[in-house]
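A.B. asks: how would this look folded up:
(one chain, ligands or ions: 2)
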Amino acid sequence: MNETSNLNEYLYKVLVIGVTTGKTSIIQQYVHGIFSRKYKATIGVDFALKVLNVDEETTVRIQLWDIAGQERYGNMTRVYYKEAVGALLVFDVTRMATFEAVIKWKEDVDQKVRTKDDKPIPVVLVANKIDLVNEKEGWGKTEEEMNQFCKEHGFIGWFATSAKENKNIGKATRHLVDHILKNDIKHAQNGGDGFNLDDEEDVEKPSGGCC
Ligand SMILES: Nc1nc2c(ncn2[C@@H]2O[C@H](COP(=O)(O)OP(=O)(O)OP(=O)(O)O)[C@@H](O)[C@H]2O)c(=O)[nH]1
Ligand SMILES: [Mg+2]
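C.D. replies: Ligands and ions are numbered 1, 2, ... in the order given. Model prediction:
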């Protein structure tokens, strides 16, 4: 059987950003199914590839760009962002300062990279290390507050994740990929909707109800 027949293959560059909030751990868990407690700062940028079989005819290769938190103010950032089609913006629920920094990161992405039709690229907000939070006490923001925050700042959704316990990482990424695919197909068909990913069953909903 010819591998290319009836197959839609996509390669998407996705940024994973935020300062020491568990980006590398999220990627390691998602791509290799492993977690390490030991912290080793990413220098510059690391790459990982995840292949997603969206359906029988659609394969998406996600090229994850794990950008070092410390590069935030470096000159290289714009180069790293080039041609990205989506991003996971990760903060650490145990360090509220990382949540407060989210707005600046989002502005930075919006400024530095745009879609083909000059719109902001889709960004999913990731509330990581949820395993360290007492369920009853929460971490400081309610679901409603987070939904509102996403709407206000233009995130396409948010997920509470744990790289340690492999929680919601696949869902967050799938939500982003579905969004990118939908726009890509719409763009390619110039407004047509022959391939419709709007169907509820195809789109995983964010854990927090979301935007
Ligand atoms: N408990 C817990 N610890 C986590 C989780 N994710 C990451 N960590 C820990 O947090 C520390 C930082 O994680 P990294 O994945 O290195 O963070 P990073 O964002 O890649 O950091 P930089 O490369 O410096 O930007 C490590 O000690 C991880 O083990 C999580 O979901 N739960
Ligand atoms: Mg790292």
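A.B. asks: okay, CA-based contacts and neighbour counts for the rest of this
C.D. replies: OK.
A.B. asks: buried sites along the lowest-mean-pLDDT helix or strand in the chain?
C.D. replies: Counting by mean pLDDT, DSSP states H and E, the weakest-scoring helix or strand in the chain turns out to be helix 77-81, with a mean of 83. For helix 77-81, the buried set under the neighbour-count rule, 16 or more other Cα atoms under 10 Å, comprises 77, 80, 81.
A.B. asks: Name the residues that touch it?
C.D. replies: 15, 45, 65, 67, 71, 109, 112, 113 (Cα atoms under 8 Å, 6 or more residues apart in numbering).
A.B. asks: quick one: which of the buried residues of helix 77-81 is nearest to ligand 1?
C.D. replies: Proximity of these to ligand 1 (Cα to the nearest ligand atom) peaks at residue 77, which lies at 13.1 Å.
A.B. asks: what does the protein have sitting close to ligand 2?
C.D. replies: 24, 42 (Cα under 5 Å from the ion).
A.B. asks: quick one: low-confidence parts of the chain?
C.D. replies: Residue ranges of the chain with pLDDT under 70: 1-6, 70-76, 190-211.
A.B. asks: Could I get the full set of strands for it?
C.D. replies: Taking DSSP state E as the criterion, the chain carries its strands at 8-17, 45-55, 58-67, 86-92, 123-128, 157-160.
A.B. asks: Reformat those as CSV; add distance to residue 168 and mean neighbour count.
C.D. replies: As requested, the strands of the chain are exported to CSV (distance: least, Cα to Cα, whole Å; neighbours: other Cα atoms under 10 Å):
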stretch, distance to residue 168, mean neighbour count
strand 8-17, 15, 20
strand 45-55, 15, 14
strand 58-67, 17, 20
strand 86-92, 13, 26
strand 123-128, 9, 26
strand 157-160, 7, 25
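A.B. asks: just so I know, which of those lies nearest ligand 1?
C.D. replies: Relative to ligand 1, the nearest member of the strands of the chain by Cα to the nearest ligand atom is strand 123-128, separated by 5.3 Å.
A.B. asks: List the neighbours of that closest one that are in contact with it.
C.D. replies: Against strand 123-128 from outside (Cα under 8 Å, 6+ apart): 21-22, 86-93, 106, 150, 154-163, 172, 175-176.
A.B. asks: ok, and which of the residues you listed reach ligand 1?
C.D. replies: When contact is defined as Cα under 6 Å from any ligand atom, those meet ligand 1 at 21, 22, 162, 163.
A.B. asks: These, buried ones only, as a PyMOL selection?
C.D. replies: Those of those that count as buried under 16+ other Cα under 10 Å are selected in PyMOL with:
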select buried, resi 21+22+162+163
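A.B. asks: who's in contact with residue 170?
C.D. replies: Per Cα under 8 Å, 6+ apart, neighbours of residue 170: residue 30.
A.B. asks: next one: residue 55
C.D. replies: Residue 55 neighbours (Cα under 8 Å, 6+ apart): none.
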